[in-house]
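**Q** test case, fold it:
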Amino acid sequence: MQEQRPDRVELFAFYYLGVNPDGEYRFANAHHVAKYYGVSADAVLRWLEELDLKPRDVLRQQFNLSGPQLELQLELPNLDPAGVRQRAAAILADLDGADGGRRFWEGD
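**A** Down below sits the predicted model:
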């Protein structure tokens, strides 16, 4: 178990891509992340907000995260921790660079 606070890339990889700092893939939500770091789920939600990774803002980006998430899952057996971090950072950069706006289900 980690006791330090994750940086933006590490938190993004864990919370949104499902890859923990040990390089293991599994579904993750705020409670899973909190357990790993030994903090409350509220602390994780606060980290997401402080690191500009709030779920409602990420959802507003015109970026389909499922494709890169699946690609990373398939690449995991061939990546070391530095490689996982590099891929997660690239996915996050693409997300950050995507246009924002309304999602297709929100209508006009």
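**Q** rest of the way, CA atoms for contacts and neighbours
**A** Noted.
**Q** what are the boundaries of the helices in the protein?
**A** Listed in chain order, the helices of the chain (DSSP state H) span 8-15, 30-37, 41-50, 55-60, 66-75, 81-97.
**Q** comparing the ones you listed, which yields the minimum mean pLDDT?
**A** Here the helices of the chain differ in mean pLDDT, and the lowest is helix 55-60 at a mean of 88.
**Q** from the middle of its chain, how far away would that helix be?
**A** Its chain's C-alpha centre and that of helix 55-60 lie 12 Å apart, by C-alpha atoms, centre = their mean, to the nearest Å.
**Q** how about stretch 5-16?
**A** 5 Å.
**Q** CA atoms only for it, dumped as CSV, please.
**A** Below are the C-alpha coordinates for stretch 5-16, written out as CSV (Å, rounded to 0.1, in the frame of the first residue of the first chain):
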residue,chain,number,x,y,z
ARG,A,5,-0.3,11.3,-2.7
PRO,A,6,-0.3,10.5,-6.4
ASP,A,7,0.6,13.1,-9.0
ARG,A,8,-1.8,13.9,-11.9
VAL,A,9,-0.6,11.2,-14.3
GLU,A,10,-0.7,8.5,-11.6
LEU,A,11,-4.1,9.4,-10.4
PHE,A,12,-5.5,9.6,-14.0
ALA,A,13,-4.0,6.2,-14.8
PHE,A,14,-5.5,4.6,-11.7
TYR,A,15,-8.9,6.4,-11.5
TYR,A,16,-9.7,6.7,-15.2
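**Q** can you list the buried residues in that stretch?
**A** Residues of stretch 5-16 classed as buried: 6, 8, 9, 10, 11, 12, 13, 14, 15, 16 (neighbour count, 16 or more other C-alpha atoms under 10 Å).
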